[in-house]
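Q: Give me coordinates for this.
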Amino acid sequence: MSKQKQATNPIILREGMSIGTGNAESDDEFLFKCFVDHPALSDAKNPDSAGMIIAGRTGSGKTAILRGVQHANNHSIEIDPAEMAMDYVANSDALRFVNAIGGDLNLLFQVLWKHVICIEFIRLRYDVKTEQKSKNIFSTIVDRFLGDPRKSKAVDYLAEWEGKFWITMNQNIKEITEDVEKKLAGEFGGELVKFKGGGQYEKRLSKGRKSELVARSRKIINSEQLSTLHGVIDMLAQEARTDHLFFILIDRLDESWVDNSIRFKMIRALVEALKSFRKITNLKILVALRTDVLERVVQETADLSSQREKFEDYFIKMKWSKSDLKRLVDLRLVELFKRQYTGDDIAFDDVFPSTMGGRKTFDWLLERTLLRPRDMIAFVNECITASDGRSEILVSDIRSAEVEFSRKRRDALEQEWRSCLPSLKKILDFFGGFREVSLSLREMSTLALDDLALAIYTAGRVDYDPLYDLAERYVEGADEDKGALIRQVAAELYRVGAVGLKVGTGERLIYSHLDEPLVSPAILTETSVLRLHPMLHAAFRLQSRGSDG
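A: Numbering: from 1, shown residues only. The predicted model follows:
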């Protein structure tokens with residue numbers, strides 16, 4: 001700390017002091033007073049910007065942007081996927097049968113999203129809270145279009161929901177799904193009974209029979225209802241005569257709001273549905289979506305992947321610069337000390353040593369993060385805790401804080417990725433067992449790989465695990481390509497941000513939080529090199545082997 005500030009405003013750092021939680025949902029104490037004017041916020045609030053999907057890694061500030069929009073705007077509503085009764089859809093025997101025989105549920109999922117968004121917009125735009133208000137609003141909307149034959153189907157559709165604009169989302173979704181279920185049950189009859197009887201009936205059907213059944217399902221799940229909803233959207237667009245801009249916010253899509261068997265298809269349908277609402281000029285829809293989840297959606301959907309460039313304009317990418325993160329930390333430190341002391345503002349450079357490991361201290365800390373606010377906030381909090389009772393943070397405090405921060409980052413990684421990579425703890429242990437910061441795939445293909453494969457295999461299949469099938473074939477000797485498992489392990493370690501990767505000799509080191517979020521195992525060879533991310537060095541007691549000394 002500068003001597004001048006220490007003289008006029010002495011501070012004492014105490015365990016329990018913090019600059020926030022790093023989780024926007026529980027960070028009200030600092031979030032709004034210390035809000036950094038990130039470019040993504042301007043994009044999100046701008047009705048003329050096509051950006052609707054706020055994409056970034058966990059902890060990058062997606063939810064903070066949504067909360068910032070909500071905080072500055074009274075005309076907003078949040079759609080919580082957990083309240084959408086999507087488990088009812090996932091557990092529907094009729095829809096499970098269509099999915100099992102290879103039928104396409106995308107049109108139905110788009111209908112569900114568009115219906116929910118239309119209804120929620122009507123509720124928000126006209127402040128609908130009662131059945132009577134719902135009926136009044138129906139009359140207000142349709143009176144303008146009764147004489148327009150092009151809008152007749154849209155008017156009829158709204159007539160079905162007259163008086164229901166105020167009911168909950170889950171009731172809306174159940175009603176639509178039940179209607180489709182009844183039609184499918186009438187169409188398939190005995191086939192559906194056999195499917196419900198178990199025994200993987202769908203696998204006993206011939207390819208020709210499946211094609212026939214899929215064709216029959218298209219008579220029910222078709223584009224007609226989608227076309228009608230487009231008409232409803234057109235009507236709402238022509239009614240957009242207001243000074244207010246309305247926001248519909250959608251978050252927590254990466255959580256367990258619906259079974260994984262349809263979750264990514266539901267997200268794909270939402271992405272495709274969003275662009276239809278651009279014509280409603282007084283509505284902005286904002287969706288927070290983790291980058292890796294978005295990549296998974298693209299990978300699992302061939303036709304969406306081929307149209308990827310068409311969706312690029314809709315992305316608001318959460319990337320943080322060094323200067324933005326420095327400003328975020330400074331603002332929070334100033335706010336922290338203002339609450340307990342008077343006098344000058346006290347920021348990062350007043351509390352931390354100027355250098356660390358031969359570099360500026362802030363740069364040294366930043367290197368041990370994934371360049372996101374949550375990491376920086378957590379690291380600074382650990383440093384404050386380690387310096388309990390002093391007026392400044394010492395180099396030794398930062399070293400102590402690094403051990404605890406690194407351990408917690410590893411635990412957080414395992415927790416964060418548990419649902420889609422249950423074997424992460426095992427592969428981190430596998431990498432750490434070599435006691436090296438950098439390893440080639442050739443060096444990792446040792447007897448330890450046999451142990452890893454056996455550990456994954458004997459644990460049994462847990463939800464979706466991209467490593468289980470490869471481990472099973474490796475253990476049973478059914479895979480002639482023994483390198484397939486280690487390539488997938490490397491790709492997964494890269495995806496979660498645990499390692500950097502040199503794909504080939506002479507190529508630069510890349511990280512998933514800075515470069516491509518995913519790499520294909522197919523491009524890796526035995527000379528590809530993994531380098532443990534500095535944030536995990538201390539968790540594996542490898543600080544002395546890193547580049548920082």
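Q: Ramachandran coordinates for the spatially closest residue to residue 484 that is not a sequence neighbour?
A: The shortest distance from residue 484 to any non-neighbouring residue, by CB to CB, 6 or more residues apart in numbering, is to residue 470 (5.6 Å). Using the backbone N, CA and C atoms, a C-beta is placed for each residue, glycine as well. Dihedral pair for residue 470: phi -70, psi -40, per degrees, to the nearest 10.
Q: Tell me which residues of stretch 60-80 come out buried.
A: Within stretch 60-80, the residues that qualify as buried are 60-70, 76, 78-79, counting by 16 or more other CB atoms under 10 Å.
Q: check contacts around residue 87.
A: With contacts defined as CB atoms under 8 Å, 6 or more residues apart in numbering, the neighbours of residue 87 are 258, 259.
Q: do you know how far it is from residue 249?
A: 22 Å (CB to CB, to the nearest Å).
Q: which residues of the stretch 301-450 of the chain score low on pLDDT?
A: Where the stretch 301-450 of the chain drops to pLDDT under 70, the residues are 301-309, 342-343.
Q: again, only using 50
A: Within the stretch 301-450 of the chain, the segments meeting pLDDT under 50 span 305.
Q: can you give me the strands in it?
A: Here the stretch 301-450 of the chain has its strands, by DSSP state E, counting those that start in this stretch, at 315-317, 355-356, 359-360, 438-440.
Q: Likewise for the stretch 51-200 of the chain?
A: 53-56, 76-79.
Q: Break this structure down into its domains, please.
A: 3-22+321-415, 39-317, 424-545 (automatic domain parsing).
Q: need the least confident one among those, by mean pLDDT.
A: Mean pLDDT per stretch puts domain 39-317 lowest among the domains of the chain, at a mean of 86.
Q: partners of the top strand by length along the chain in the sheet?
A: Taking DSSP state E as the criterion, the chain has its longest strand at strand 283-290. Sheet pairing of strand 283-290 (DSSP bridges) gives strand 53-56 (parallel), strand 246-250 (parallel).
Q: Give me the contact list for it.
A: 44-45, 47, 52-58, 62-63, 65-66, 69, 117, 121, 125, 236, 240, 245-254, 267, 270, 274, 277.
Q: residues contacting residue 354?
A: Taking CB under 8 Å, 6+ apart as the test, what residue 354 contacts is 360, 361.
Q: Got the phi and psi for it?
A: Torsion angles, degrees, to the nearest 10, at residue 354: phi -70, psi -30.
Q: Which residue ranges of the stretch 1-150 of the chain form helices?
A: 3-8, 28-31, 39-45, 62-72, 86-90, 93-100, 106-126, 131-143 (DSSP state H, counting those that start in this stretch).
Q: Can you check which of those gets nearest to residue 189?
A: Shortest distance between residue 189 and those, using CB to CB, is found for helix 93-100: 11.0 Å.
Q: Which positions within the closest one qualify as buried?
A: Taking 16+ other CB under 10 Å as the criterion, helix 93-100 shows 94, 95, 96, 97, 98, 99, 100 as buried.
Q: And stretch 84-93, by the same measure?
A: Buried, per 16+ other CB under 10 Å, within stretch 84-93: 84, 85, 86, 88, 89, 90, 92.
Q: Do I have it right that the first one meets residue 119?
A: In this case it means residue 84. No. If you go by CB atoms under 8 Å, residue 84 and residue 119 don't touch, sitting 11.7 Å apart.
Q: okay, and the common contacts of the two?
A: residue 169.
Q: Now mean neighbour count and distance to residue 391 too, for the strands of the stretch 301-450 of the chain, in TSV please.
A: Listed next are the strands of the stretch 301-450 of the chain as TSV, based on neighbours: other CB atoms under 10 Å; distance: least, CB to CB, whole Å:
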stretch	mean neighbour count	distance to residue 391
strand 315-317	19	40
strand 355-356	16	18
strand 359-360	14	21
strand 438-440	16	40
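Q: Pipe those strands into JSON lines and attach distance to residue 138 per row.
A: JSON lines is the format used below for those (distance: least, CB to CB, whole Å):
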{"stretch": "strand 315-317", "distance to residue 138": "34"}
{"stretch": "strand 355-356", "distance to residue 138": "65"}
{"stretch": "strand 359-360", "distance to residue 138": "63"}
{"stretch": "strand 438-440", "distance to residue 138": "65"}
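Q: Could you say which one of those strands comes nearest to residue 28?
A: So among those, strand 315-317 is nearest, using CB to CB, at 23.0 Å.
Q: What pairs with that closest one, parallel or antiparallel?
A: Sheet pairing for strand 315-317, assigned by DSSP bridges, gives strand 53-56 (parallel).
Q: what sits up against the strand it pairs with?
A: 40, 44, 62, 65-66, 271, 274, 286-291, 294, 311, 314-319, 372.
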